[in-house]
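Engineer: The following block contains a protein sequence and its predicted model.
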Amino acid sequence: MLELFLSQILNGVVIGFVYALIALGFSLVFGVANIINFAQGALLMLGAFLTFTMVRVGAPIALAIPVAVVITTVTGMLIEKLALRPLQNAPYIAPLLSTLAIAIIFDSAAEMIWSAEIQAFPSPLSRYVVLVGSAYLTGVDFLIIAVSLAVMAGLMLFLSRTWMGKALRATAQDPEAAQQMGINVPLMRQFSFGLAGALGALAGVLIGMYYMSVFPQMGIPYGLKGFAAALLGGLSSIPGAIVGGILLGIFESLASGYVGEGWRDVIAFSVLLLVLIVRPHGLFGNKSLDALGGASGASGGIPTTSVVASMAGSTGRTKQRVIDLPLPVLLAVIALFALLPMLSGSNYVLQVGVQAAIYAMLAVSLTLLTGSAGVISIGHAAFFGVGAYAAALASRAWGIPAEAALLLAGGAGAAFAAVLYWPTIRLSGHTVGLATLAIGQIVYLVCLNWVDVTRGPMGIPGVQRPPLLLGIDMRSLTAQYWQALAVLALVVAIAFAMLNSPIGRTWRAIREDRLAAHASGIPVARYLTLAFLVSGFLAGLAGAQFAFLQNFVSPDSFIIDTSIVLISMIVLGGLGNITGALIGGVLLAMLPELLREFAQYRMVAYGAILLLLLRFRPQGLVGTR
């Protein structure tokens, strides 16, 4: 047992060095630009695939690696200049969502270029093996340790001894003072992205050599692990990022050895969530310090202005026009769509109609939480998935009637939201968004690995449409379409009643200024818990409808991409606006069908839409309420 333990520790240290390289990229960008750069994972993937491609066409790997690092460095600098620099004065959530959109675009483009399949990565040093007791280290392991130590030492010397490094530290400490001293602050921000890209590319190559494979979607999981490592050690500490990466690698390796390989990622995201809740600034970080060791100025803090108010431009300088139709009009529009089966007998049209109704439900449920209560939820697909699995199990395994299955799905979504998200309520700003992202990933991974209940990647087939609902035969697609519209009308009515009640007004007060709401005696935690409950219930209903429509439920339907799509919907329509949520949900649900011949571009289109909206129309099509 001791030999197994030591072997796992050794393996954890090796992969931990790679996580440390990724974490260093996060720390550099956060310190200099005050941005959590989720495009870091995309740059990691890009560096790995550029190396893979050059080796495939005959270039020696010793040449391919530095060329890939240089190209990725330039790409990182271009991302800062073209996509993020225009958002420098935007609400703090805009750059975060923009980097997520960039990651989605890069990952989807990689699938189109290199296919979604896992590709064998060259690893010439893996054939060399050295025994260390009962464990063994390969040549790749030694390479990872040597390269990581050399890069870390070089980075520390660069930051402490060179003029450019000192300029980066000065920019991180006080950008305005650095500007007055003649430092080109925009160039320093751009250089930090380039340096982070170089670290990411190098980490991607080492990951490819370590596992002897690469795949287009590797950016998001490894990027999130790198962020977890940075947060564990402290986003405000470069040495902390190194320690955090090694600790995370050890945690993962122990989980893999004693629990199972499939659960190692669950451990990584659980560590991220735990650190966010218990010590948001990390083990060695200080919330008053930036990533390069200086005291952060006012620009480094989380602004008290709400996300929704900032994105609406409602700071007193401009006045936006908001269109939010009254409930009778919204219900009348939904009733008009009930005539569609009489106007078109096409099952394809009805199938698209049901999908549009489902996404409209999800958009309404998310706009309650993010738009009205001001809680950024980047893992909303988890609510959706819990409802879908609850309905699937109720229908297929337990034989529960459809009415009860719908209520059970809604109740499961609400209970999940209240129980698992309650510890995140005291978080604010981007930290609560990152916590929801971690929870969404944990739910996906649990569904993927809990085979006894969810059947893992095989999913749950044979989910029967309810034969009867309130005495009406519901097995036809037309009946399913009408049911989806009826559930959508119920969701809209609940959301409208909540938003126009004292509860909704209290949510908006908390959204605008949580501290002021708390000081005025409002039980903030109680109201935010209620927001999670209602949002989870409505998303659970949408999940049940999805399970009945597809007759099949699997984890692939509830990945982070789904959450990004939902965010795109409510940003497109207008945060906190029910009319906008319905418009955004229907438009983006129909987009893949309109572009069916170009289905592979779907996620690229979603990412581009989110990116452009954040840049040019942050208040949405019909305005933010």
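Structural biologist: Done, it's in.

Engineer: I'd like the average pLDDT over the helix or strand hosting residue 357.
Structural biologist: In this assignment (DSSP states H and E), residue 357 forms part of helix 347-366. On average, the pLDDT along helix 347-366 is 90.

Engineer: by how many degrees do the helix or strand just after it and helix 347-366 diverge?
Structural biologist: Remark: after helix 347-366, the chain's next helix or strand is helix 381-396, criterion DSSP H and E. Between helix 381-396 and helix 347-366, the angle comes out at 130 degrees (axes from the mean of the first three to the mean of the last three C-alpha atoms, to 10 degrees).

Engineer: Same question for helix 381-396: list its buried residues.
Structural biologist: Within helix 381-396, the residues that count as buried by 16 or more other C-beta atoms under 10 Å are 381-396. C-beta: built from backbone N, CA, C; applies to glycine.

Engineer: Flag the shaky bits of the stretch 201-350 of the chain, pLDDT-wise.
Structural biologist: The stretch 201-350 of the chain contains residues with pLDDT under 70 at 236, 285-321.

Engineer: Could I get the full set of strands for it?
Structural biologist: For the stretch 201-350 of the chain, the strands defined by DSSP state E, counting those that start in this stretch occupy 213-214.

Engineer: which residue ranges form the helices in it?
Structural biologist: Along the stretch 201-350 of the chain, the segments classed as helices by DSSP state H, counting those that start in this stretch run 219-233, 238-258, 264-278, 307-312, 327-337, 340-343, 347-366.

Engineer: For residue 610, which of those is the nearest?
Structural biologist: Of all the helices of the stretch 201-350 of the chain, helix 307-312 sits nearest to residue 610, with 12.5 Å by C-beta to C-beta.

Engineer: Quick check: residue 360 touching residue 587?
Structural biologist: No - taking contacts as C-beta atoms under 8 Å, residue 360 lies outside contact range of residue 587: 9.8 Å.

Engineer: which among the buried residues of helix 381-396 gets closest to residue 521?
Structural biologist: residue 383 (30.0 Å).

Engineer: what about the closest one, distance to residue 421?
Structural biologist: Separation of residue 383 from residue 421 (C-beta to C-beta, to the nearest Å) stands at 9 Å.

Engineer: So which residues of the stretch 401-550 of the chain form helices?
Structural biologist: Per DSSP H, counting those that start in this stretch, the stretch 401-550 of the chain carries helices over the ranges 402-421, 430-449, 451-454, 477-499, 502-512, 514-519, 524-550.

Engineer: Pipe the ones you listed into CSV and attach mean neighbour count and distance to residue 50 per row.
Structural biologist: Shown next, in CSV, are the helices of the stretch 401-550 of the chain (neighbours: other C-beta atoms under 10 Å; distance: least, C-beta to C-beta, whole Å):
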stretch, mean neighbour count, distance to residue 50
helix 402-421, 22, 39
helix 430-449, 24, 26
helix 451-454, 13, 36
helix 477-499, 20, 45
helix 502-512, 19, 43
helix 514-519, 14, 44
helix 524-550, 25, 37
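
Engineer: hang on, the earlier thing: counting contacts, what elements does the helix holding residue 357 pack onto?
Structural biologist: Where contact means 3 or more C-beta pairs under 8 Å, 6 or more residues apart in numbering; DSSP states H and E, helix 347-366 is packed against helix 340-343, helix 477-499, helix 524-550, helix 560-573, helix 578-594.

Engineer: If we use 6 Å, what do you get?
Structural biologist: Contact here means 3 or more C-beta pairs under 6 Å, 6 or more residues apart in numbering; DSSP states H and E; on that basis helix 347-366 packs against helix 477-499, helix 524-550, helix 560-573, helix 578-594.

Engineer: Now render the ones you listed as CSV, adding mean pLDDT and distance to residue 139.
Structural biologist: Converted to CSV, these look like this (pLDDT from 0 to 100; distance: least, C-beta to C-beta, whole Å):
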stretch, mean pLDDT, distance to residue 139
helix 477-499, 89, 57
helix 524-550, 90, 47
helix 560-573, 83, 34
helix 578-594, 84, 45
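
Engineer: Residue 73 is nearest to which of these?
Structural biologist: Of all the helices and strands packed on helix 347-366, it is helix 560-573 that lies closest to residue 73, at 26.0 Å by C-beta to C-beta.

Engineer: Please save the CA atoms from that closest one in PDB.
Structural biologist: What follows is helix 560-573 as a C-alpha-only set of coordinates in PDB (Å, rounded to 0.1, in the frame of the first residue of the first chain):
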ATOM      1  CA  ILE A 560     -20.500  23.500 -20.700                       C
ATOM      2  CA  ASP A 561     -21.300  24.400 -24.300                       C
ATOM      3  CA  THR A 562     -25.000  24.200 -23.400                       C
ATOM      4  CA  SER A 563     -24.500  26.700 -20.600                       C
ATOM      5  CA  ILE A 564     -22.600  29.000 -22.900                       C
ATOM      6  CA  VAL A 565     -25.500  28.800 -25.400                       C
ATOM      7  CA  LEU A 566     -28.000  29.700 -22.700                       C
ATOM      8  CA  ILE A 567     -25.900  32.700 -21.600                       C
ATOM      9  CA  SER A 568     -25.800  33.800 -25.300                       C
ATOM     10  CA  MET A 569     -29.600  33.600 -25.400                       C
ATOM     11  CA  ILE A 570     -30.300  35.900 -22.500                       C
ATOM     12  CA  VAL A 571     -27.500  38.300 -23.500                       C
ATOM     13  CA  LEU A 572     -29.000  38.400 -27.000                       C
ATOM     14  CA  GLY A 573     -32.500  39.100 -25.700                       C
END
